[in-house]
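K.L.:
Build me a model from this:
(one chain, ligands or ions: 2)
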Amino acid sequence: MKVQILPSLLAADYGHLADEIRRVAESGSDALHLDIMDAHFVPNLSFGPDMVSLAQRVCPSLYRHVHLMLTRPDVYSGRFIDAGAQTVQIHVEADCDVWAALQAIRARGVRSGLVLRPQTSASALFPYLPYCDEVLFMTVNPGYGGQSFMSEVLPKIRELRQHADTCGFNSLDIMVDGGINFETAVQCAAHGANQFVAGSFLFKQSDMGAAVAQMRERCEKAYGTNTR
Ligand code: DX5
Ligand code: ZN
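P.N.:
Ligands and ions are numbered 1, 2, ... in the order given. So this is what the prediction gives:
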């Protein structure tokens with residue numbers, strides 16, 4: 001599996017958003033992660049489709065990866081796809097027909113992803129694996145950047161990787177999001193994660209490109225050691 005690093009725009013300096021988006025593009029990152037919050041599914045509001053459009057306008061070649069923390073992602077996913085989202089992730093705990101919502105995302109030619117809160121068991125997403133391209137394990141309670149990594153999620157990452165391998169979903173991307181730095185990224189990689197979202201850790205770096213390269217290298221090594 002390819003290791004990928006995705007800076008989360010939530011941690012950017014909002015006074016210089018276009019420059020921050022360019023900084024991600026120039027860092028060698030694989031995608032820009034955009035966190036969409038509705039103050040209902042999570043206790044915070046962030047931004048909407050206009051931010052996805054801005055990213056497309058500023059750096060058209062930077063992949064736009066959208067994480068919907070919404071009670072009704074089925075109602076809004078189309079607007080984010082219209083705005084330029086190339087992957088749309090929804091939560092398995094959302095108040096909608098998850099199967100239909102994933103199908104609707106794929107029907108627009110966009111990659112679909114399913115996200116779990118830290119408290120949700122990995123088996124909750126097993127029935128949906130044929131309908132999603134990637135799974136995101138939240139390693140903090142969704143809603144805010146800058147929180148501490150929850151190591152209790154690690155066994156679930158291994159459980160899903162083993163289940164996916166056993167059931168023939170060998171190309172499933174497994175992603176982690178929340179409290180990711182060099183050390184926690186390596187722990188997740190050793191448990192079978194291959195994609196890493198990092199907000200505050202990467203944006204606080206004076207040289208984001210060097211940090212992205214180092215995180216990728218460390219995770220590639222650790223992923224190789226993951227015992228399934
Ligand atoms: C939290 C978001 C994360 C957040 C991560 O609800 O899903 O993407 O930006 O921020 P850090 O890396 O600072 O924990
Ligand atoms: Zn996120």
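
K.L.:
Sketch out the low-pLDDT regions of the protein for me.
P.N.:
226-228 (pLDDT under 70).

K.L.:
Would you map the helices across this protein?
P.N.:
For the chain, applying DSSP state H gives helices covering 17-26, 49-58, 73-82, 98-107, 154-166, 182-190, 200-203, 208-224.

K.L.:
With mean neighbour count and distance to ligand 1 added, can I get the ones you listed in TSV?
P.N.:
Using the backbone N, CA and C atoms, a C-beta is placed for each residue, glycine as well. As requested, those are exported to TSV (neighbours: other Cβ atoms under 10 Å; distance: least, Cβ to the nearest ligand atom, whole Å):
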stretch	mean neighbour count	distance to ligand 1
helix 17-26	17	13
helix 49-58	18	13
helix 73-82	19	14
helix 98-107	18	18
helix 154-166	18	16
helix 182-190	20	9
helix 200-203	22	3
helix 208-224	17	12
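
K.L.:
Of all those helices, which one is nearest ligand 2?
P.N.:
Proximity to ligand 2 (Cβ to the ion) singles out helix 200-203 among those, at 12.1 Å.

K.L.:
The residue of the chain found nearest ligand 2: what's it in contact with?
P.N.:
With Cβ to the ion, the shortest gap between the chain and ligand 2 falls at residue 67, namely 3.8 Å. Residue 67 makes contacts with 33-36, 89, 113, 115, 136, 177, 197, as judged by Cβ atoms under 8 Å, 6 or more residues apart in numbering.

K.L.:
From the residues you listed, pick out the ones that also neighbour ligand 1.
P.N.:
33, 35, 177, 197 (Cβ under 6 Å from any ligand atom).

K.L.:
Quick one, which of the helices of the chain gets closest to residue 2.
P.N.:
helix 208-224 (9.1 Å; Cβ to Cβ).

K.L.:
how about the residues of this structure near ligand 2?
P.N.:
35, 67, 177 (Cβ under 5 Å from the ion).

K.L.:
Ignoring the adjacent residues along the chain, who's closest to the first one?
P.N.:
So that's residue 35. residue 10 (4.6 Å; Cβ to Cβ, 6 or more residues apart in numbering).

K.L.:
My understanding was that the one you found contacts residue 146; is that so?
P.N.:
No - contact criterion Cβ atoms under 8 Å: residue 10 and residue 146 do not qualify, at 9.1 Å.

K.L.:
Could you name every residue contacting both of those two?
P.N.:
With Cβ under 8 Å, 6+ apart as the test, residue 10 and residue 146 both reach residue 199.

K.L.:
Between the two, point out the one with more neighbours.
P.N.:
The neighbour comparison of residue 10 against residue 146 (other Cβ atoms under 10 Å) goes to residue 10, with 22 against 13.

K.L.:
residues in contact with that one?
P.N.:
Counted by Cβ under 8 Å, 6+ apart, residue 10 has contacts 35, 46, 145, 199.

K.L.:
same thing but 6 Å
P.N.:
35, 145, 199 (Cβ atoms under 6 Å, 6 or more residues apart in numbering).

K.L.:
Could you save those as JSON lines and add columns showing distance to residue 81 and neighbour count?
P.N.:
Shown next, in JSON lines, are the contacts of residue 10 (distance: Cβ to Cβ, whole Å; neighbours: other Cβ atoms under 10 Å):
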{"residue": "35", "distance to residue 81": "17", "neighbour count": "25"}
{"residue": "145", "distance to residue 81": "24", "neighbour count": "21"}
{"residue": "199", "distance to residue 81": "23", "neighbour count": "24"}
